[in-house]
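1. missing the sequence, but the structure's below:
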């Protein structure tokens, strides 16, 4: 449908939507334009029909009932901080924003849980929890601006995953509105529960393709006690640093944070901070917390030094912040060099040295710049492709293609925490295989028979 007929249909659809939902429907240019992009840098070809700023579960239900009746595609969106294009909306689509559903409905100290709406900012929940001595462990890098609903939809991770797990480990139950507007409750308030299939678990990481999360019961835990200990270690090669990280974990030491910066990252950071960095140098940052943090740090320090690391250990908060400075400077140093495509693969920890080598091989083959930071405690690497301009060049996608396939050959996965979204769906079949991919599409059809939920994403 084109021209006048399409315009008339859009006008009619928007009029009907406003009749149903009133002033929570926005067609303001700023809202429409914002919904065309996320932090991945990708921008859709056209603006969506409208943005619905839901405030209640009933708003979400009404929106999805309308979408089902009119066969209108719906893209659910939180804060728009995703890195895989999972919440980008296009022409003809309706954006369902949950960013105004920001209530913390309950904090149950005795049961160590909280009940929150999906628009609650990750860091805001922990601010509210401070008086209780509890905290919500998932800590994506975007925690100051990302929503818990979005964290759940992408099964977000972060620096603390090696010890405290990804978002999945902190979700007990969910309220979800299905494509036809029905409200479902999945999961439990209890720590244990094996009644029926784990549909709450199915929703975690589903990226808005199966339903809309409208409430979450999340698991809390006691804040770590004691003084954290931090190690900053320099190695002559990334292989040596990766080996040290692997041996630390294999030794039974459980750092709360273990980050690895490769030589390309260190070179960029050195230029950005005006520091002298030796050629080939890599950096391993290790932090331990809780009871026994000092003893664990000493054990990690012994491993690091035995494998050639030049290391410094401190329990002083200011000195710790200084050691963290290298890691914090990574993203600013990348942005200072050009446009950045932040990728996300995960391999078994023992395969980290091989994955770093594969990334270097790919970069040299295609003549592209790739600097990598890794959550070394869980094998999750973030290769950063740096280029000029706003469009990702073909050689970068070609390099990314080979890098993803290399991760799969090493027993890894296409994404550890960013999700598939729009940008990685072309490789999904390489990891899942044809039969499993079709099975997952069958499950999608059970929840969304009309295919109106986040079309073109993941599957």
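-> Right, received. Where do you want to start? Values in this document were obtained by computation on a predicted structure and should not be read as measured data.
2. Pull out the buried positions in stretch 46-66.
-> 47-55, 57, 59-66 (16 or more other CB atoms under 10 Å). For every residue, glycine as well, the C-beta is placed using N, CA and C.
3. Just the ones of those in helices?
-> In this view, the buried residues of stretch 46-66 that belong to helices under DSSP state H are 57, 59, 60, 61, 62, 63, 64, 65, 66.
4. and those residues as TSV, adding distance to residue 230 and pLDDT?
-> Shown next, in TSV, are those (distance: CB to CB, whole Å; pLDDT from 0 to 100):
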residue	distance to residue 230	pLDDT
57	43	98
59	45	97
60	43	98
61	48	98
62	50	97
63	47	97
64	47	98
65	52	97
66	52	96
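5. of all the residues you listed, which comes closest to residue 262?
-> Within those, the smallest distance to residue 262 is 43.1 Å, found for residue 60 (CB to CB).
6. Mind giving me the packing neighbours of the worst-scoring helix or strand of the chain on mean pLDDT?
-> The helix or strand of the chain with the lowest confidence, counting by mean pLDDT, DSSP states H and E, is helix 3-21 at a mean of 82. Counting contacts by 3 or more CB pairs under 8 Å, 6 or more residues apart in numbering; DSSP states H and E, helix 3-21 packs against strand 25-26, strand 50-53, helix 57-70.
7. do you know which of these lies nearest residue 87?
-> With CB to CB as the measure, strand 50-53 is the member of those nearest residue 87 (11.6 Å).
8. For the closest one, give the mean pLDDT please.
-> Strand 50-53 shows a mean pLDDT of 98.
9. Direction included, what does that strand pair up with?
-> Its sheet considered, strand 50-53 pairs with strand 25-26 (antiparallel), strand 94-97 (parallel) by DSSP bridges.
10. ok, and what's touching the first one?
-> By CB atoms under 8 Å, 6 or more residues apart in numbering, the list of residues contacting strand 25-26 from outside reads 14, 17, 18, 32, 50, 51, 52, 53.
11. which one of those sits closest to residue 411?
-> For those, the nearest to residue 411 is residue 51 (41.4 Å; CB to CB).
12. Beta-bridge partners for that closest one, please?
-> Going by DSSP bridges, residue 51 forms beta bridges with residue 26, residue 95.
13. ok, the closest residue to residue 139 other than its chain neighbours to residue 351 distance?
-> Leaving out its chain neighbours, the residue that sits closest to residue 139 by CB to CB, 6 or more residues apart in numbering is residue 158, at 3.8 Å. Between residue 158 and residue 351 the computed distance is 21 Å (CB to CB, to the nearest Å).
14. now residue 11
-> 55 Å.
15. Comparing the two, which residue is more hemmed in?
-> The neighbour comparison of residue 11 against residue 351 (other CB atoms under 10 Å) goes to residue 351, with 20 against 10.
16. Pipe the helices and strands packed on helix 3-21 into TSV and attach distance to residue 154 per row.
-> Converted to TSV, those look like this (distance: least, CB to CB, whole Å):
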stretch	distance to residue 154
strand 25-26	24
strand 50-53	20
helix 57-70	19
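17. So which of those is nearest residue 132?
-> Nearest to residue 132, of all those, is helix 57-70, at 25.9 Å by CB to CB.
18. Residues contacting whichever helix or strand comes after that closest one from elsewhere in the structure, which ones?
-> Using DSSP states H and E, the helix or strand that follows helix 57-70 towards the C-terminus is strand 74-77. Residues outside strand 74-77 that contact it (CB under 8 Å, 6+ apart): 35, 48, 51, 63-64, 67, 87-89, 93-99, 153, 179, 208, 212, 452-454.
19. repeat for stretch 449-459
-> Stretch 449-459 is contacted from outside by 67-68, 71-76, 85-87, 90, 93, 179, 206-212, 419-422, 425, 428, 437, 440-441, 444-445, 447, using CB under 8 Å, 6+ apart.
20. how about that stretch: buried residues?
-> Here stretch 449-459 shows 451, 452, 453, 454, 455, 456, 457, 458, 459 as buried, counting by 16+ other CB under 10 Å.
21. likewise stretch 332-352?
-> For stretch 332-352, burial by neighbour count (16+ other CB under 10 Å) applies to 333-334, 337, 339-347, 349, 351-352.
22. so how far is residue 342 from the closest residue to residue 147 other than its chain neighbours?
-> The shortest distance from residue 147 to any non-neighbouring residue, by CB to CB, 6+ apart, is to residue 78 (3.8 Å). Look at residue 78 and residue 342: by CB to CB, they are 18 Å apart.
23. can you check residue 300 too?
-> Per CB to CB, residue 300 is found 28 Å from residue 342.
24. Could I get the buried residue list for the helix or strand containing residue 313?
-> Assigned by DSSP H and E, residue 313 belongs to strand 310-314. For strand 310-314, a neighbour-count test (16+ other CB under 10 Å) marks 311, 313, 314 as buried.
25. which ones are touching the last one?
-> So the one you mean is residue 314. Residue 314 touches 229, 230, 320, 323, counting by CB under 8 Å, 6+ apart.
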